[in-house]
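Chemist: 3D, please:
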Amino acid sequence: MAGRSPARFLAPLVLVGFVIALFVVVTSSDTDPEGARAPNQSSGTTPDASPTGTAEKPTGRRRYIVRAGDTPSSIAEKTGVPLEQIMLLNPDLDPQTLSPGQRIQLRE
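Modeler: Reported below is the predicted structural model:
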């Protein structure tokens, strides 16, 4: 057993440590990129709710910039804007030809 490298014993420990660190990073990462949600979505309140009971105008973003892998339904889910409204405001929007950087109108 003389002549064995200490790296033979250290390598499995390093591998286990790397796997644990990777697991911690993946499970604690935020799956929603910054700015992908409407401002009021994270608070659990609706834009219409107010203490006086009167309806308020939604204060969310007016436009969304398409990212790789986005679809109209995923954009609707991320922003909280109904898919029908997105399609009405963007009549020339073709779900098959969405490209990163394209701007989509969410509100009038």
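
Chemist: which of the residues in the longest helix anywhere in the chain are buried?
Modeler: In the chain, taking DSSP state H as the definition, the longest helix is helix 7-28. Residues of helix 7-28 include none that count as buried (16 or more other C-beta atoms under 10 Å). Where C-beta positions appear, they are placed from N, C-alpha and C, glycine not excepted.

Chemist: Beyond it, next helix or strand please.
Modeler: Using DSSP states H and E, the helix or strand that follows helix 7-28 in sequence is strand 63-65.

Chemist: Other residues contacting that following strand?
Modeler: 75, 78-79, 101-106 (C-beta atoms under 8 Å, 6 or more residues apart in numbering).

Chemist: which stretches of the chain have low pLDDT?
Modeler: Within the chain, the segments meeting pLDDT under 70 span 1-2, 29-59.

Chemist: Return the subset of the contacts of strand 63-65 lying in strands.
Modeler: 103-105 (DSSP state E).

Chemist: Throw those into JSON lines and include distance to N90, thanks.
Modeler: As requested, the ones in strands among the contacts of strand 63-65 are arranged in JSON lines below (distance: C-beta to C-beta, whole Å):
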{"residue": "R103", "distance to N90": "9"}
{"residue": "I104", "distance to N90": "6"}
{"residue": "Q105", "distance to N90": "6"}
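
Chemist: All set now, cheers.
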